[in-house]
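A.B. asks: After the sequence you'll find the predicted model.
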Amino acid sequence: MTFKSTSIIKTTGMKDRFKISGDLTMHGVTKQVTMNMWYRGTLYDSTYKKYKAGFQVTGVINRSDFNVGGPDPFDISTDVMIKADGEFFKQ
């Protein structure tokens, strides 16, 4: 699974919330998706002697859009929640 962002838009009401859009690729299928992004803050990492920023991205995708699984006789949902936490060093 890969995600390549194409835009980030600040949402109204909270200073640390954004909408991030981009191309999500799974199982060889690429679709444009928009997810929620929460900027968790920036701090200095004394081990690496660099600043890093934390983010959390959440969203829901339809697994069948990416050819994951098949029709299920037990009515398993096609909605899949994605949650990713990441820290990135300033270059």
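C.D. replies: Great, that's in hand. Since the model is a prediction, treat every value here as computed from it, not as a measurement.

A.B. asks: CA only for contacts and neighbour counts going forward, please
C.D. replies: OK.

A.B. asks: quick one: the strands in this protein?
C.D. replies: 2-10, 17-26, 29-45, 50-62, 79-89 (DSSP state E).

A.B. asks: counting contacts, what elements does the second one pack onto?
C.D. replies: Counting by 3 or more CA pairs under 8 Å, 6 or more residues apart in numbering; DSSP states H and E, the packing neighbours recorded for strand 17-26 are strand 2-10, strand 29-45.

A.B. asks: now for this structure, which residue lies nearest the mean position of the chain?
C.D. replies: Centroid-nearest residue in the chain: residue 57, 3.9 Å away (criterion: CA atoms, centre = their mean).

A.B. asks: residues touching the closest residue to that residue other than its chain neighbours, list them.
C.D. replies: Once flanking residues are discounted, residue 57 sits nearest to residue 37: 4.5 Å by CA to CA, 6 or more residues apart in numbering. Contact partners of residue 37, counting by CA atoms under 8 Å, 6 or more residues apart in numbering, are 17, 18, 19, 20, 55, 56, 57, 58.

A.B. asks: Could you give the bridge partners of the second one?
C.D. replies: So that's residue 18. residue 10, residue 37 (DSSP bridges).

A.B. asks: Give me the neighbour count for it.
C.D. replies: The tally of other residues near residue 18 (other CA atoms under 10 Å) stands at 18.

A.B. asks: before we move on, what about the last one?
C.D. replies: Burial measure for residue 58: 16 neighbouring residues, criterion other CA under 10 Å.

A.B. asks: does it have beta-bridge partners, and which?
C.D. replies: Assigned bridge partners for residue 58, using DSSP bridges, are residue 36, residue 83.

A.B. asks: re the thing from before, among the strands of the chain, which is the most enclosed?
C.D. replies: Sort those by mean neighbour count, taking mean count of other CA atoms under 10 Å, and strand 17-26 sits at the top with a mean of 18.

A.B. asks: hmm, who's touching that strand?
C.D. replies: Residues contacting strand 17-26 (CA under 8 Å, 6+ apart): 1-11, 30-39, 66.
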